[in-house]
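Chemist: Need coordinates for the below:
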Amino acid sequence: MPGGRLTQQERQQVALGLADGLAYAEIARRLDRPTSTITREVMRNGGPTGYRADLAHRATERRAHRRRQAAPQGPEAPPQSHGRDAEAVREYEETFTTVIMQSGMSKMMSRVLACLCISDAGSLTAAELVQRLQVSPASISKAIAFLESQGLVRRERDERRRERYIVDDDIWYQSMMASARSTAQLVETTREGVRVLGPGTPAAIRLENIARFLDFVSESIARAAEQARDILHAKPGPASGQSDRPEAESGTVAAEPKRDGEPSGEGGEG
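Modeler: Got it, this is the predicted structure:
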């Protein structure tokens, strides 16, 4: 699989693929590139509807020029820990940040979360985040406040009484459970609308269907988070090609609850 930055011809192929409605994975396959490379390329250059090959190419050249100008003129930077390729790590951090942004999070919050996640310690001080991301302390403070409100980051004091921001294993479980609780509250509020608007009216029927859908989603999130929690604390085993998805105690994934009006028998289409 080729490495390095996309060529101008490859960017034209990306633009054509987007115009044809191809998924990022398909465009990547045709170019023999990682899907993450195509995702990052598109999202940092206007998104799927605003991507232009020539503009993207010029923007990339400008960013590369700025990085060369900003590079230290003294001794070379120390090597990455564990023998990592510094450029590969930087590229991956950009990809990770872009994917987090696609979930709806702002760029600065996404950058801080990605930076914390890929640090070996899983924790950094405000000063360390400022140095790594080259942004102001105020930007870090605002991003941390948001991430903490979402249950994605927690704070603690180290031995030098410095405040450290941490993403540990259980943070992801707590965040998923917070999402489930938030969705459950939306269900309750939606069903209150059914009572106010009058059961059986068109608006109430719409709200009840929304509530049933969200109720199922909320319960599914909570159940899946509980079943998968041990994965967060487990050490990866040897690659076997098998999924790490947890199964219910009976050995099979929990069945979807029967919806109103659906037959209760075991029969179905062949």
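
Chemist: By residue count, what's the longest helix in the chain?
Modeler: helix 169-197 (DSSP state H).

Chemist: same for it, what does it pack against?
Modeler: Counting contacts by 3 or more CB pairs under 8 Å, 6 or more residues apart in numbering; DSSP states H and E, helix 169-197 is packed against helix 202-228. C-beta coordinates here come from the backbone N, C-alpha and C atoms, glycine included.

Chemist: ok, and for the longest helix of the chain, which residues are buried?
Modeler: Applying a neighbour-count criterion of 16 or more other CB atoms under 10 Å, one finds 171-173, 175-177, 179-180, 183-184, 186-187, 190-191, 194, 197 buried in helix 169-197.

Chemist: ok, now stretch 140-153?
Modeler: With burial defined by 16+ other CB under 10 Å, the residues of stretch 140-153 counted as buried are Ile140, Ala143, Ile144, Phe146, Leu147, Gln150, Gly151, Leu152, Val153.

Chemist: which other residues reach it?
Modeler: For stretch 140-153, contacts defined as CB atoms under 8 Å, 6 or more residues apart in numbering pick out 106, 108-109, 111-113, 116, 126, 129-130, 133, 154-155, 165-167, 171, 174-175, 178.

Chemist: how about a cut-off of 6 Å?
Modeler: Under the contact criterion CB atoms under 6 Å, 6 or more residues apart in numbering, stretch 140-153 has outside partners Met108, Met109, Val112, Leu113, Ala126, Leu129, Val130, Tyr165, Val167, Gln174, Ser175, Ala178.

Chemist: Excluding sequence neighbours, find me the nearest residue to the second one.
Modeler: Nearest-residue entry for Met109: Ala143, 4.7 Å, with adjacent residues in sequence omitted and distances by CB to CB, 6 or more residues apart in numbering.
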